[in-house]
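J.: Sequence unavailable; structure follows:
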């Protein structure tokens with residue numbers, strides 16, 4: 001057939017060669033953005049030597065920019081926000097204008113597992129090097145602020161002397177493995193994932209084979225029927241289930257994540273026995289390393305690859321290329337057995353002793369308080385404490401005779417074991433106080449909101465989650481909260497630019513996981529926040545059906561009722 005002649009009046013379409021998504025498995029090894037370039041130039045793990053031998057001796061100004069805003073994250077270090085810079089300048093200033101000469105340092109605490117000795121060292125470091133700061137994160141870590149680079153080697157030495165580290169606490173790495181804080185001791189546990197977590201840490205963490213990923217890789221393992229690790233929003237999660245033929249094991253989930261393009265993780269339909277969890281983990285993280293998108297940072301999380309491939313192809317690649325065997329089909333998890341999943345309160349362990357969970361305010365504690373918690377636990381016969389993914393803490397192994405005394409001691413530190421729904425359910429990210437990405441304040445705002453709601457509606461007794469985030473990146477999980485508050489600047493009634501929040505309503509985790517509803521134009525200033533939350537919760541009380549949860553009410557409520 002003869003070729004169709006070109007119309008000379010029609011401009012030729014420029015043909016450009018598609019360069020792909022930067023997937024290594026497709027042969028695309030040329031770095032396609034600055035982050036990929038600095039990772040190719042030098043592994044982030046190698047920056048530790050420079051910190052110890054050069055930067056800690058010559059000071060902040062000696063730090064190479066690619067180390068300062070890149071590789072130092074591989075060791076848990078971020079520069080913090082320079083004081084006095086308002087939220088309106090967050091997106092317009094250059095990094096060096098936002099940088100203070102101090103760091104946030106994140107202590108990696110896999111599974112939230114701590115001895116009282118470790119907790120005391122964390123508290124002492126806070127007091128000596130971090131101006132008393134020590135926030136509990138919603139990924140079971142502890143974060144310091146005001147850290148000087150000159151002090152980092154000594155901090156590492158003290159942490160590592162008691163078995164802790166900051167290795168890959170940040171960066172494009174396998175981040176902390178969150179786990180059930182009552183693994184191995186809960187009376188209702190399906191299976192204890194601790195051995196798998198320890199094997200994954202041994203194989204993967206600090207291993208150069210997995211230290212250059214397209215983006216961060218978030219992991220969760222829990223055998224609790226409470227589904228207590230927010231498995232739905234992790235890159236990989238192992239959820240305890242009982243197989244009808246093979247017994248206790250884990251259901252495999254992949255591709256969850258929030259930020260500005262949230263996705264709920266997907267089941268691959270595979271049952272994984274305890275002794276194969278580390279193999280499967282290694283297979284999934286290898287897929288991410290090899291097939292993950294490296295062209296655009298905004299599309300580099302595993303959730304985007306899964307969305308393009310689908311679960312069937314993902315499982316096939318995992319089995320055929322990485323595991324070299326088929327996985328066993330398995331059941332989905334059962335519905336959570338309770339609406340609160342934070343382990344707050346007094347609960348009996350499988351050995352007859354008790355664990356006691358308590359609620360700091362929005363994860364904010366300090367070094368002095370942490371050392372007092374360690375002392376208090378030891379005085380009541382315990383040497384083990386835990387952090388949770390809800391910014392809470394737990395003391396394990398308390399005898400029945402010691403419970404009341406421990407509870408009284410915690411209450412004296414304003415660490416309540418019987419919190420109001422507002423104290424129990426309010427979470428906040430770091431916010432503009434220290435974070436360079438933040439637009440508004442969060443921690444103090446959350447604490448004030450708790451006080452106001454306890455005063456205004458003391459009779460409210462329903463589980464409720466109120467998550468406050470200083471920017472759109474959702475570190476505080478705003479999309480899956482009953483009331484999610486995303487920080488932004490807005491105009492008040494007088495036309496002045498003030499701090500405020502876009503409101504998300506009715507998000508949830510669990511097997512009915514979903515993202516909150518955004519009512520068109522629904523924003524609230526920071527000053528009006530207590531009034532708004534009080535109003536919407538009272539309407540819920542008035543309109544709810546018997547046993548109806550807040551998230552279910554939101555789906556049927558009118559926009560007027562939600563405004």
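T.: Yep, it's here. Every value quoted in this text rests on a predicted model; they were computed, and no experiment measured them.

J.: The residue nearest in space to the middle of the chain is in what secondary structure piece?
T.: By Cα atoms, centre = their mean, the mean C-alpha position of the chain lies nearest to residue 139, the distance being 4.2 Å. In the assignment (DSSP states H and E), residue 139 maps to no helix and no strand.

J.: What distance do you get for it to residue 485?
T.: 20 Å (Cβ to Cβ, to the nearest Å). C-betas here are computed from N, CA, C, even on glycine.

J.: And for residue 44?
T.: 33 Å.

J.: Looking at the two now, which is surrounded by more residues?
T.: A count of neighbours by other Cβ atoms under 10 Å puts residue 485 above the other of residue 44 and residue 485, at 31 against 24.

J.: wait, what's in contact with the more buried one?
T.: Counting by Cβ atoms under 8 Å, 6 or more residues apart in numbering, residue 485 touches 466, 467, 468, 469, 478, 501, 502, 503, 504, 524, 529.

J.: Now do the helices in the stretch 51-200 of the chain.
T.: 56-58, 65-68, 95-98, 116-129, 152-161, 194-204 (DSSP state H, counting those that start in this stretch).

J.: for the contacts of residue 485, which one is nearest residue 304?
T.: Within the contacts of residue 485, the smallest distance to residue 304 is 20.4 Å, found for residue 478 (Cβ to Cβ).

J.: Tell me the pLDDT of the closest one.
T.: In this model, residue 478 is scored at 94, pLDDT.

J.: now swap in residue 261 and tell me
T.: Looking at residue 261, the pLDDT reads 89.

J.: quick one, what contacts it?
T.: By Cβ under 8 Å, 6+ apart, the residues touching residue 261 are 298, 303, 304.

J.: so which of those would you say is closest to residue 515?
T.: Closest to residue 515, out of all of these and judged by Cβ to Cβ, is residue 303, at 13.2 Å.

J.: what about that closest one, how many residues close to it?
T.: Residue 303: 24 neighbours (other Cβ under 10 Å).

J.: And for residue 355?
T.: Look at residue 355: counted by other Cβ under 10 Å, it has 25 neighbours.

J.: Check which helix or strand it maps to.
T.: strand 354-358.

J.: and the next element down the chain from that strand?
T.: Downstream of strand 354-358 (by DSSP H and E), the next one is strand 364-366.

J.: Test my guess that the residue nearest to the centre of the chain contacts residue 178.
T.: Yes - Residue 139 lies in contact with residue 178 (Cβ atoms under 8 Å); the separation is 5.5 Å.

J.: list the residues that contact both of those two?
T.: 218, 389.

J.: where do the strands sit along the stretch 101-250 of the chain?
T.: 113-115, 133-136, 142-147, 174-179, 217-222, 236-243, 247-254 (DSSP state E, counting those that start in this stretch).

J.: Run a quick neighbour tally on residue 391.
T.: 25.

J.: OK, contacts around it?
T.: 136, 137, 138, 360, 362, 363, 427.

J.: quick one on the thing from earlier: restricted to strands, list the contacts of residue 485.
T.: Among the contacts of residue 485, the ones falling in strands (DSSP state E) are 466, 467, 468, 469, 501, 502, 503, 504, 524.

J.: Make JSON lines from those residues and add neighbour count to it.
T.: Below are the ones in strands among the contacts of residue 485 laid out as JSON lines (neighbours: other Cβ atoms under 10 Å):
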{"residue": "466", "neighbour count": "25"}
{"residue": "467", "neighbour count": "29"}
{"residue": "468", "neighbour count": "28"}
{"residue": "469", "neighbour count": "31"}
{"residue": "501", "neighbour count": "28"}
{"residue": "502", "neighbour count": "19"}
{"residue": "503", "neighbour count": "24"}
{"residue": "504", "neighbour count": "25"}
{"residue": "524", "neighbour count": "20"}
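
J.: which one among those gets closest to residue 262?
T.: Using Cβ to Cβ, the ones in strands among the contacts of residue 485 come closest to residue 262 at residue 504, 10.1 Å.

J.: For stretch 189-201, buried residues please.
T.: 189, 190, 191, 192, 193, 194, 196, 197, 199, 200, 201 (16 or more other Cβ atoms under 10 Å).

J.: What distance do you get for the residue nearest to the fourth one when sequence neighbours are not counted to residue 368?
T.: For residue 192, the nearest residue in space outside its immediate sequence neighbours is residue 184; the separation is 4.4 Å by Cβ to Cβ, 6 or more residues apart in numbering. Residue 184 sits 30 Å away from residue 368, taking Cβ to Cβ as the criterion.
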